[in-house]
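Undergrad: compute the structure for the input listed below.
(one chain, ligands or ions: 1)
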Amino acid sequence: MPQLNETDHEIFPVSAGLDSEGNITIGGCAIADLAVEFGTPLYIYDEDTIRHMCRQFSGGFKDAYERSLIEYSSKAFANPALAKIIAEEGLHMDVVTGGELIFAKAADFPAENLNFHGNNKGREELSEALDYGVGRITIDSFYEIGLLNEVAGEKGVRQKVLLRVSPSVDPHTHMLTTTGILDSKFGFSIETGAAAEAVEQAVATEHLDVVGLHFHLGSPIFELEPYSQAIDYVLNFAAQMREAHGLQLNEFNPGGGFAVGYVGKELPPPILAYAAEISEAVRSGCDRYGLDEPMLTVEPGRAIVARAGVAVYKVGGIKRIPDVRIYVSVDGGMGDNIRPALYSSVYTVRRTRDPYATPTETVTVVGKFCESGDFIAKDVDLPVLDSGDLLCTPTSGAYAVPMASNYNMTTRPAIVMVKDGEARLIRRRETYEDLLATSLV
Ligand code: LLP
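TA: As a prediction, the model looks like this:
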């Protein structure tokens, strides 16, 4: 039986392979068959890969630091079927809006295992979170300290909270996805003294129980050192806050941001390397600053779901401009994956049939949206293509469909979950009726 090549093996789902006719399969299903059954563009998620990644994180971090837990960041892909798997695997989950909370509720996700993030949660959202009984709320502004204390007071509850601090550490990723530097909307800056003031205010409230600190540097982070640098800085701050305001650091959350391989030549460090770096930094920082070792939580989003998802498109028109470029148009694009247009993100593209036939052309794969910046991948080497061929992009499971839009009044794609040769729809394709449903004449 033919196999995926070595680098594709790292970036396609763990269950991916080739069938006897040379078609790419995922979870025992040929992509071409799924495209016929469910149409294109189509997003295919592999259940085995999701569970594999959950276990890599849980096991990897537990081995490195016993009192650790993994919180899946649901903004990477929020879906009830996925949330059920996340819960079954024993992970916690974070949400950042009332909408993401609704998805967690739809899966009956255990409320105690939810953490509500976000830099501008509204009164209604906080109220919904308290009513559901979320385990933690991570506070991001002075306004929120007052607002949450008030809402919790109205409901007669005392809410466990973390404070999000900003450590002024640059993780060297895309500017638009950098969050832990001084010039950021997120978190209380330690450098400016805002974080110390936030601790003082929050511990003095009646209805907030400050259980620890949180930070998140950005995403995706290919380097390990920014984590240990920031952890040291924040633990030092925590020790100072214990002296100044009696802060007890029972829980510590250095965020997510773990990178994944989108293309074979840019593979990230293994999860075990992140686990070792972070655990060691927490242990040595606690030792250095005389703190008890806290419960450690990390929040991977991308690294849990990116590799599990594969996007499938059908080729339409092909435009050849001699000596300039070949444009291959597909039936999706920036409407279902804006990442190339927004961050210049790179993706691997494969023809789903006979993917390793000798590449004959360098092409640019573009979408169907009325924007010149609407592309999937620039200058990729592919075998000769015909209209009607299927192309797929692996590592499309994170931040593609969640950031999808109805631009140009397109319908958002269907999503299927595959396992052991079976495919089940976990989100149906939108219809024209859906597009019209919210507009009034
Ligand atoms: N925790 C917090 C507080 C976050 O803000 C994020 C991501 C995560 C955890 C999860 O980060 P991850 O492990 O997925 O890297 N749309 C961008 C990514 C934005 C990430 C926003 N926050 C992209 O497509 O690359």
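Undergrad: which residues in the stretch 251-400 of the chain form helices?
TA: Applying DSSP state H, counting those that start in this stretch to the stretch 251-400 of the chain gives helices spanning 271-289, 302-305, 339-343.
Undergrad: need phi/psi at the closest residue to Val380 other than its chain neighbours.
TA: Leaving aside its chain neighbours, Val380 sits nearest to Val349 (4.8 Å; criterion: C-beta to C-beta, 6 or more residues apart in numbering). In this view, the C-beta of every residue, glycine as well, is placed from N, C-alpha and C. Backbone geometry at Val349, expressed as degrees, to the nearest 10, gives phi -120, psi 130.
Undergrad: one more: Asp33?
TA: According to degrees, to the nearest 10, Asp33 has phi -70, psi -40.
Undergrad: now do Arg424
TA: phi -130, psi 140.
Undergrad: from the ligand, how far out is it?
TA: According to C-beta to the nearest ligand atom, to the nearest Å, Arg424 and the ligand sit 25 Å apart.
Undergrad: contact partners for that residue?
TA: Counting by C-beta atoms under 8 Å, 6 or more residues apart in numbering, Arg424 makes contact with 81, 416-417.
Undergrad: again, but for Glu124
TA: Gly98.
Undergrad: picking up where we left off before, out of the helices of the stretch 251-400 of the chain, which is closest to the ligand?
TA: helix 302-305 (3.5 Å; C-beta to the nearest ligand atom).
Undergrad: ok so, going back, which of the contacts of Arg424 are close to the ligand?
TA: Among the contacts of Arg424, proximity to the ligand is found for none (C-beta under 6 Å from any ligand atom).
Undergrad: next, count neighbours for Asn119.
TA: By other C-beta atoms under 10 Å, 16 other residues sit near Asn119.
Undergrad: I meant Val36, not that one.
TA: Val36 has 11 nearby residues by other C-beta under 10 Å.
Undergrad: ok, now Glu371?
TA: 14.
Undergrad: before we move on, what about the one 4 residues further on?
TA: Here the number of neighbours of Phe375 (other C-beta under 10 Å) works out to 20.
Undergrad: which residues does it contact?
TA: Going by C-beta under 8 Å, 6+ apart, the list of residues near Phe375 reads 333-334, 340-341, 364-367.
Undergrad: which two among those residues are spaced furthest apart?
TA: Taking C-beta to C-beta as the measure, the contacts of Phe375 reach their widest spread between Met334 and Thr364, a distance of 13.8 Å.
Undergrad: neighbour count winner among those two?
TA: Under the neighbour definition other C-beta under 10 Å, Met334 and Thr364 were set side by side, and Met334 has more, 26 against 16.
Undergrad: pLDDT score assigned to the residue nearest to the more buried one when sequence neighbours are not counted?
TA: Closest residue in space to Met334, ignoring its immediate chain neighbours: Asp374 at 4.3 Å, by C-beta to C-beta, 6+ apart. Per-residue pLDDT puts Asp374 at 98.
Undergrad: please report phi then psi for the residue of the stretch 51-200 of the chain found nearest the ligand.
TA: With C-beta to the nearest ligand atom, the shortest gap between the stretch 51-200 of the chain and the ligand falls at Ser73, namely 3.6 Å. Per-residue torsions, Ser73: phi -90, psi 100 (degrees, to the nearest 10).
Undergrad: returning to that earlier point: which of the contacts of Phe375 sits closest to the ligand?
TA: Pro340 (10.3 Å).
Undergrad: now intersect the contacts of Arg424 with the strands, please.
TA: Using DSSP state E, 416-417 are the members of those that sit in strands.
Undergrad: how about JSON lines for the contacts of Arg424, with neighbour count added?
TA: As requested, the contacts of Arg424 are exported to JSON lines (neighbours: other C-beta atoms under 10 Å):
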{"residue": "Ala81", "neighbour count": "17"}
{"residue": "Val416", "neighbour count": "23"}
{"residue": "Met417", "neighbour count": "23"}
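Undergrad: save the contacts of Arg424 as a markdown table, and put in distance to Tyr327 and pLDDT too.
TA: Converted to a markdown table, these look like this (distance: C-beta to C-beta, whole Å; pLDDT from 0 to 100):
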| residue | distance to Tyr327 | pLDDT |
| --- | --- | --- |
| Ala81 | 36 | 98 |
| Val416 | 29 | 98 |
| Met417 | 33 | 98 |
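Undergrad: fine, thanks again, bye for now.
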